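J.: let me see the structure of the following:
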Amino acid sequence: MPRSKRAEAKRARTRVRYAVAGLGHIAQVAVLPAFAHAKRNSELVALVSDDPKKLEKLSRRQRAVARCAHYSEYDDLLESGEIDAVYIALPNHMHREYAMRAAVAGVHVLCEKPLALTVPECEEMIDAAEDGGVQLMTAYRLHFDPANLRAREVARPGGPLGEVRYFSTQFSQQVVDGNVRLDRHAGGGPLYDIGIYCINAARYIFGAEPDEVFAVRATGSDPRFREVDEMVAGVLRFPGERLAEFTVSFGAADVSAYRVVGTKGDLVVEPAYDYAAGLKHRLTLKGKTRTRAFPRTDQFAAELLHFSDCVLGDRPPEPSGLEGLIDVAVIQALQQSADTGAPVSLALPRRSHRPGPELATRRPPVQKKPATFHANASTR
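T.: As a prediction, the model looks like this:
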């Protein structure tokens, strides 16, 4: 469809038509079901995979899907005029290519994290979106989660914690052998997959960017970790002499928590990064502890609703491509530090926007986890 006709059709549209590219575990259990809770402005119309049986099975389950496309048919789909946006849920090393091809075709891009594997790749994606006149958003679902947004409010300057001094977080799980997240060539490893949550959380809690990082890695004899690290620990120094430290592991029991410590109290969020469970706060002030449970919500539907509003309203989404680029820059610096055994200094772009309470979105959770098809569970 010519660009002029596509733009005219978009102006008359009240819902954004999506293709989901990549139909692995997260797409099947979270992304596809989220469209049922984002009907106000989002519509799933196409699926993209290299597995014909998977396409057939999932298109029947998602009854509204009008088109299935093999990876080799991706460009035809982008040029067809049948979709307005693509949700990229492909392995990490494929994000850049599929986002670039969409942007060139004038199709908006909502891309799973990490945005890409290197800063230059992220820059290419951002430039392609600008040149193509399309929106690019990094899929940080926790930017819309009420529990994490409330944590940022509690930690704000002048808030109940006083001056926040340090942030500590742990995120670990047992990743099954053969999963793509253990494939070095596909951009696997705990830093890209779960470390990015820890880095992003530290950045939005402090409302700043780190200016120095240090990391160490550890891997035992488990054959799962032939290509990627088993675990990584890191320290991030933030302006104002504040510190964040994290440990992430693909070979330890399930843990998902962070602690924010200020001069007047501390806040523990546990679980902190989950999408399949409600999150919890434990706030301690003057020796007294209060707990608060946040009901489970559909974080993926929240992403879709925000991005579609931005597409329809022709305004930049937040989290943006730049938000994704900064986390990738931090990851690359941490990798360099782990390689050399020395701290690495950073000079990152300064952000004028941070997640705020206005982004909090509560949508009903997926009540029953869908059965997956040709998609191995990523964890034990």
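J.: ranges for the strands of the stretch 251-380 of the chain?
T.: 251-262, 265-269, 279-285, 288-294, 344-345 (DSSP state E, counting those that start in this stretch).
J.: out of these, nearest to Val228?
T.: strand 251-262 (10.4 Å; CB to CB). From N, CA and C alone the C-beta is placed, and that goes for glycine too.
J.: so which of the strands of the stretch 251-380 of the chain is the most packed in?
T.: strand 265-269 (a mean of 21; mean count of other CB atoms under 10 Å).
J.: so which elements touch it?
T.: Contacts defined by 3 or more CB pairs under 8 Å, 6 or more residues apart in numbering; DSSP states H and E place strand 265-269 against helix 146-154, strand 251-262, strand 279-285.
J.: need these in JSON lines (columns: mean pLDDT and distance to Val134).
T.: Converted to JSON lines, these look like this (pLDDT from 0 to 100; distance: least, CB to CB, whole Å):
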{"stretch": "helix 146-154", "mean pLDDT": "96", "distance to Val134": "27"}
{"stretch": "strand 251-262", "mean pLDDT": "98", "distance to Val134": "33"}
{"stretch": "strand 279-285", "mean pLDDT": "98", "distance to Val134": "32"}
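J.: do you know which of those lies nearest Phe171?
T.: In terms of CB to CB, the element of the helices and strands packed on strand 265-269 nearest to Phe171 is strand 251-262, at 5.5 Å.
J.: tell me what angle the closest one forms with helix 146-154.
T.: Counting by axes from the mean of the first three to the mean of the last three CA atoms, to 10 degrees, strand 251-262 points 30 degrees away from the direction of helix 146-154.
J.: quick one: strand 251-262 to chain centroid distance?
T.: Computed by CA atoms, centre = their mean, to the nearest Å, the chain-centroid distance of strand 251-262 equals 18 Å.
J.: ok, that strand: who's next to it in the sheet?
T.: strand 164-174 (antiparallel), strand 265-269 (antiparallel) (DSSP bridges).
J.: identify the residues contacting that strand?
T.: For strand 251-262, contacts defined as CB atoms under 8 Å, 6 or more residues apart in numbering pick out 151, 154-155, 159, 161-175, 198, 201, 205, 220, 222, 224-225, 230-231, 266-274, 379.
J.: mind giving me the ChimeraX select for these, buried ones only?
T.: Only the buried entries of these go into this ChimeraX selection, using 16 or more other CB atoms under 10 Å:
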select :151,154,155,159,161,164,166,167,168,169,170,171,172,173,175,198,201,205,224,225,230,231,266,267,268,269,270,271,272,273,274
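J.: distance to Ala215 for the helices and strands packed on strand 265-269 - can I get that in TSV?
T.: Formatted as TSV, the helices and strands packed on strand 265-269 follow (distance: least, CB to CB, whole Å):
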stretch	distance to Ala215
helix 146-154	24
strand 251-262	17
strand 279-285	27
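J.: just the element for Gly199, please.
T.: Heads up, residue 199 is Ile, not Gly. helix 196-206 (DSSP states H and E).
J.: kindly calculate the angle that that helix makes with strand 251-262.
T.: If you take the same axes, to 10 degrees, helix 196-206 sits at 0 degrees to strand 251-262.
J.: pop the domain breakdown of this protein in here.
T.: 3-140+301-319, 142-295+327-358 (automatic domain parsing).
J.: point out the most buried one among those domains.
T.: domain 3-140+301-319 (a mean of 20).
J.: and that one, how far out from the chain's middle?
T.: The answer for domain 3-140+301-319 is 14 Å, by CA atoms, centre = their mean.
J.: now stretch 204-216
T.: The answer for stretch 204-216 is 18 Å, by CA atoms, centre = their mean.
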